[in-house]
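A.B. asks: just to be clear, the model below is a prediction. Sequence and coordinates:
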Amino acid sequence: MTTDASAQIRRIRILKTAPHACSYLEGEQSTTAFVDPELIIEPSLYTRLAEIGFRRSGPYLYTPMCGTCSACIPARVVVQQFSQNRAQKRCIKRNSDINVQQRHTIDTAEHYPLYEKYINERHKDGDMYPPSKDQFEQFLGTTWECTQYFEFRVDNRLIGCAVVDVLPNSLSAIYTYFDPSLNKRGLGNFAVLFQISLAAKLDKSYVYLGYWIENCQKMSYKKKYQPMEFFKENSWKLSE
């Protein structure tokens, strides 16, 4: 954390949405706080905001700020201490035929049908359903200087993509979408393992995996990547 970033963070204007139905916990109301979109976000400030639980979605940096619930816990993998378990090693071996290609931009005509299929089959109960090309372009096509796309291809066929922000001391896993018909591959697991491996090669300390919610089954996979830290009571603590 730099002194400049810390000073700037105290002057940031934070905007809040009106309460709306939570897409993760039934019966809860969600409120999102986001950084003034007019603010120019330098890498040092982005890093500091990530360190206090902010995430990026399209052009926005946001964090949950709900009135009656604090279930969303920021989570990050401690890269240098991570060691693959047996299941994770099998996943890597099972996907050894994947060719990962790094891109600064993507071909929407090729990527959108894969994203559409993924949302339609995996996330019908989420905020991104129903998918649309405009939504895709705003959410994932809006690139920052730090944004990279990692395409997963087999015989040159696109089967998945991980959208990643590369920060000075970490990677932030923005989103991953893949062919949902390839269940046996475990592409979601592979994408996380790839990003942890990439972070290690780049000498990064952490991979941010978004929020973890104890009572949300969709989030349970995140605790498989140990050691993991949770941001609670204004500090990062190792998960139990």
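C.D. replies: Yes, it's here. Numbers count the residues shown, from 1 in each chain.

A.B. asks: quick one: the strands in this protein?
C.D. replies: For the chain, the strands defined by DSSP state E occupy 14-16, 20-21, 29-30, 32-35, 55-57, 60-64, 73-78, 99-103, 147-154, 157-167, 170-178, 206-212, 228-232, 235-238.

A.B. asks: and those strands, which one averages the lowest pLDDT?
C.D. replies: For the strands of the chain, mean pLDDT drops lowest on strand 20-21, to a mean of 90.

A.B. asks: and that one, which strands flank it?
C.D. replies: strand 29-30 (antiparallel) (DSSP bridges).

A.B. asks: contacts for the strand it pairs with?
C.D. replies: 19, 20, 21, 22, 23, 64, 66, 67, 68, 69 (CB atoms under 8 Å, 6 or more residues apart in numbering). In this view, the C-beta of every residue, glycine as well, is placed from N, C-alpha and C.

A.B. asks: number of residues surrounding the third one?
C.D. replies: Taking other CB atoms under 10 Å as the criterion, the count of residues near residue 21 is 11.

A.B. asks: can you check the second one too?
C.D. replies: For residue 20, the neighbour count with other CB under 10 Å is 11.

A.B. asks: how much space separates residue 116 from residue 136?
C.D. replies: Separation of residue 116 from residue 136 (CB to CB, to the nearest Å): 8 Å.

A.B. asks: ok, now residue 109?
C.D. replies: 11 Å.

A.B. asks: which one of those two has more residues nearby?
C.D. replies: Remark: of residue 109 and residue 136, residue 136 carries more neighbours, 19 against 8, as counted by other CB under 10 Å.
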